[in-house]
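*Asks:* below is the sequence, then the predicted model.
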Amino acid sequence: MTEARIRVPIHLRWGDLDAYNHVNNASMLKLLEEARVRAFWLPGATERAVPTAVIDASHGASQLTLIARQEIEYLAPVPYQREPIDVQMWFGKIGGSSAEVNYEVFTPAGQEPRTLYARASTVIVQVDAGTGRPVRLSPETRAAWEPYLGEPLPPLGRR
């Protein structure tokens, strides 16, 4: 278990459900994306900043963050609920221009019994907005993210 985690509560939307009355697999990707945006993008003027929010995603930014790979292992169906699910993130690896973001998605914080719905991994790559070529992560980005570096998830779905 990783000690330092970034915890982001994410509300479900009714439209996230499928015909089986649980969160659709494609919607899970969007929920993880929402958690990533809240955790890593610089906040707007009226939003609260978190220490890991270091990516300038404003229009005209000189660098972009692209997804190189995503993987999800679904462990239990996520039913609709009014309380936000508890998305916990950490870095399994921080490379030169990329980072592996690991996730565990749980029932809402404080809800018992505690259910682990999914584990996931996303590799993000920092690139130059003009050329699309990878650029090194800045010292500021590394300093903000390294406290959340922990054990990477084992290969998903291959135990």
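*Replies:* That came in fine, so what should we check first? Numbering: from 1, shown residues only.
*Asks:* and residue 58, how far from residue 64?
*Replies:* 11 Å (Cβ to Cβ, to the nearest Å). Every C-beta, even on glycine, is put in place using the N, C-alpha and C of the backbone.
*Asks:* neighbour count winner among the two?
*Replies:* Neighbours were counted for residue 58 and for residue 64 using other Cβ atoms under 10 Å; residue 64 has more, 16 against 9.
*Asks:* so what's the closest residue in space to residue 58 that isn't next to it in sequence up against?
*Replies:* The shortest distance from residue 58 to any non-neighbouring residue, by Cβ to Cβ, 6 or more residues apart in numbering, is to residue 42 (7.6 Å). Contacts were defined as Cβ atoms under 8 Å, 6 or more residues apart in numbering; by that measure residue 42 touches 49, 53, 54, 55, 56, 57, 58.
*Asks:* out of the residues you listed, who has the most neighbours?
*Replies:* Going by other Cβ under 10 Å, residue 55 tops the contacts of residue 42 with 21 neighbours.
*Asks:* do I have it right that it meets residue 39?
*Replies:* No: with contact defined as Cβ atoms under 8 Å, residue 55 does not count as touching residue 39 (9.6 Å).
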